[in-house]
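> Pasting the sequence and the predicted coordinates here, then a few questions.
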There are 2 protein chains.
Amino acid sequence: MKPANLLGSLPADLTHEVFQNIVRSPSVRIERIVSRGHASPEAGWYDQGENEWVMVVAGRASLEFEDGSSCELSAGDYVDIPAHVKHRVAWTDPDIPTVWLAVFYS
Amino acid sequence: MKPANLLGSLPADLTHEVFQNIVRSPSVRIERIVSRGHASPEAGWYDQGENEWVMVVAGRASLEFEDGSSCELSAGDYVDIPAHVKHRVAWTDPDIPTVWLAVFYS
């Protein structure tokens, strides 16, 4: 079994955020997201039917929630966002790639 | 929503490996495992009913599989181990804690 590296093979073109499935089963989806200076549009709230556990593996980011709260995330920081808790990416570091690991589950 | 850090609050006592649930739902379990020089017993194969996606977030480790193959893992390396593929931890770095992130899913 050959390992892959979550921080390896980063996309050369980060004009847009890059979403890649790592695992996809009927019950769970594990995704790598690579951002660089991206933020969700002001009105671009994620409103998901699944719970999302998400960790910043490298880089820095800020999440904002519909209740007005926000949180800063750097390497190793994670949050567990229940389904339908609206959130958006307020900021990601413009100078280095931010690598997210997201586990969507029910 | 306040983030926690996967590399924070490492157990002071690593006489034994430390397993901590991060998320537990009917469909998925996300677990942090902290090892320091631990290995599975020679006959201590894991034979699990769930698939396990596992990443080394910090440290270094080696996994061995029943077919005789093995793989070395360092920070960011991950493997996706199907249910009932027998495996064991052959080695973890004795000098620093190895922090694993494991997602068990069906």
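Looks like it came in fine. Numbers count the residues shown, from 1 in each chain, chains lettered A, B, ... in the order given.

> got the residues of chain A near chain B?
Within chain A, the positions adjacent to chain B are A:1-8, A:22-23, A:25-28, A:30, A:51, A:53, A:55, A:57, A:63, A:65, A:69, A:71-73, A:75-81, A:85, A:101, A:103, A:105-106 by C-beta under 8 Å from any C-beta of the partner chain. Just so you know, the C-beta spots here come from the backbone N, C-alpha and C atoms, and that holds for glycine as well.

> which among these end up buried?
Among the residues of chain A next to chain B, the ones that count as buried by 16 or more other C-beta atoms under 10 Å in any protein chain shown are A:3, A:6, A:22, A:27-28, A:30, A:51, A:53, A:55, A:57, A:63, A:65, A:71, A:73, A:75-81, A:85, A:101, A:103, A:105.

> re the thing from before, of the residues of chain A next to chain B, which belong to strands?
A:4-5, A:22-23, A:28, A:30, A:51, A:53, A:55, A:57, A:63, A:65, A:71-73, A:77-81, A:101, A:103, A:105 (DSSP state E).

> With chain B as the reference, measure out to A:Phe19.
17 Å (C-beta to the nearest C-beta, to the nearest Å).

> and the closest residue to A:Ile96 other than its chain neighbours, how many neighbours does it have?
Excluding the flanking residues, the one nearest A:Ile96 by C-beta to C-beta, 6 or more residues apart in numbering or on different chains is A:Gly59, at 5.5 Å. Neighbourhood size, A:Gly59 [other C-beta atoms under 10 Å in any protein chain shown]: 20.

> Thank you kindly, that will do.
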